[in-house]
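A.B. asks: no sequence for this one, just the structure:
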């Protein structure tokens, strides 16, 4: 896929952050857009912005990506509306912080339902249509934390490693079968989005302090820059796209040090991670 002009692009989590930036970037390239999010107000604003930018066609739908039946209906509606689908960007994602011993099962189910199963649903429901298009591409958002682990991020790590593994296997399957579908796993580092502010935290975590740390020190790249890098990766049919200097640096550190990176990360985290909240 050399261009996104006149391609039907599906983007989940389009109500803010990278999803909104991708919508605006692809609209500027002449794509037709099917956008979704659980945040109806944010989604409506994204739709307004791409319409103001002159998008040829756009639809916005409230969608809980963890709801399998709803996703199946959504995929059929989009294909009926546009007649085809060329690109699916499974971007919707959430965060959950806390040591594994302190996490509740309900929150663990929540993050896996969105971050992993949401990506599976988006991939599986649209894949037959991508194959039929003759020029398709699947883009699944993993994370830097799908390449290296971090203390206090066990379930986020689990969801993003799972996305990486599924996506890489899917790419291999498309190559073996000779299907005209590219597959890209995206691994962003710290991007200036609201993911930390909207995250769930265990009862022992100081969520406000963690969100401030992310916003002020860890989130370095704008969503707009991230979107440009991701679209370039689609056009180049890259198997893996690292987004941000931090993603490149920590990925290479892990490759150089092997499993010893875990010891380095554990020591460093003691200096930067906020203290646990005081439980009264």
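C.D. replies: Great, that's in hand. Everything numeric here is computed off the predicted structure, so don't read it as measured data.
A.B. asks: drop to CA atoms for contacts and neighbour counts, all remaining ones
C.D. replies: Noted.
A.B. asks: Which parts of this structure are helices?
C.D. replies: With DSSP state H as the criterion, the chain has helices at 17-28, 40-52, 68-82, 105-111, 118-133, 154-177, 207-213, 223-235, 245-257, 261-272.
A.B. asks: deepest of the ones you listed, which one?
C.D. replies: Stretch with highest mean neighbour count among the helices of the chain: helix 17-28 (a mean of 24; mean count of other CA atoms under 10 Å).
A.B. asks: So what touches that one?
C.D. replies: By CA atoms under 8 Å, 6 or more residues apart in numbering, the residues outside helix 17-28 that reach it are 4, 9, 11-14, 33, 35, 46, 49-50, 53-55, 91-92, 192-194, 223-224, 226-228, 231.
A.B. asks: Out of the helices of the chain, the one nearest residue 143 is which?
C.D. replies: Of all the helices of the chain, helix 154-177 sits nearest to residue 143, with 6.0 Å by CA to CA.
A.B. asks: Who does the closest residue to residue 86 other than its chain neighbours form a beta bridge with?
C.D. replies: Nearest non-adjacent residue to residue 86, counting by CA to CA, 6 or more residues apart in numbering: residue 136, 4.4 Å away. In this entry, residue 136 is beta-bridged to residue 181, by DSSP bridges.
A.B. asks: Pretty sure residue 136 sits against residue 184.
C.D. replies: No: using CA atoms under 8 Å, residue 136 is not in contact with residue 184; the gap is 11.4 Å.
A.B. asks: follow-up on the earlier one: ok, the residue nearest to residue 86 - how many residues close by?
C.D. replies: By other CA atoms under 10 Å, 26 other residues sit near residue 136.
A.B. asks: quick one: contacts for it?
C.D. replies: 1, 85-87, 130, 180-182.
A.B. asks: So for it, what's the pLDDT?
C.D. replies: pLDDT recorded at residue 136 is 98.
A.B. asks: for residue 280, same thing?
C.D. replies: pLDDT at residue 280 comes out at 33.
A.B. asks: Ok, residue 207 next?
C.D. replies: Residue 207 is assigned a pLDDT of 89 by the prediction.
A.B. asks: List the contacts of it.
C.D. replies: Residue 207 makes contact with 197, 200-201, according to CA under 8 Å, 6+ apart.
A.B. asks: And those residues, which is closest to residue 110?
C.D. replies: Comparing those against residue 110 with CA to CA places residue 200 closest, at 9.7 Å.
A.B. asks: Could you count how many residues lie near that closest one?
C.D. replies: There are 20 residues near residue 200, going by other CA under 10 Å.
A.B. asks: Looks like it contacts residue 103 (just checking).
C.D. replies: No: using CA under 8 Å, residue 200 makes no contact with residue 103, being 9.9 Å away.
A.B. asks: what residues are shared contacts of these two?
C.D. replies: Applying CA under 8 Å, 6+ apart, one finds that no residue jointly contacts residue 200 and residue 103.
A.B. asks: will you turn the helices of the chain into JSON lines that also has distance to residue 147?
C.D. replies: As requested, those are exported to JSON lines (distance: least, CA to CA, whole Å):
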{"stretch": "helix 17-28", "distance to residue 147": "19"}
{"stretch": "helix 40-52", "distance to residue 147": "30"}
{"stretch": "helix 68-82", "distance to residue 147": "27"}
{"stretch": "helix 105-111", "distance to residue 147": "18"}
{"stretch": "helix 118-133", "distance to residue 147": "17"}
{"stretch": "helix 154-177", "distance to residue 147": "7"}
{"stretch": "helix 207-213", "distance to residue 147": "21"}
{"stretch": "helix 223-235", "distance to residue 147": "17"}
{"stretch": "helix 245-257", "distance to residue 147": "7"}
{"stretch": "helix 261-272", "distance to residue 147": "12"}
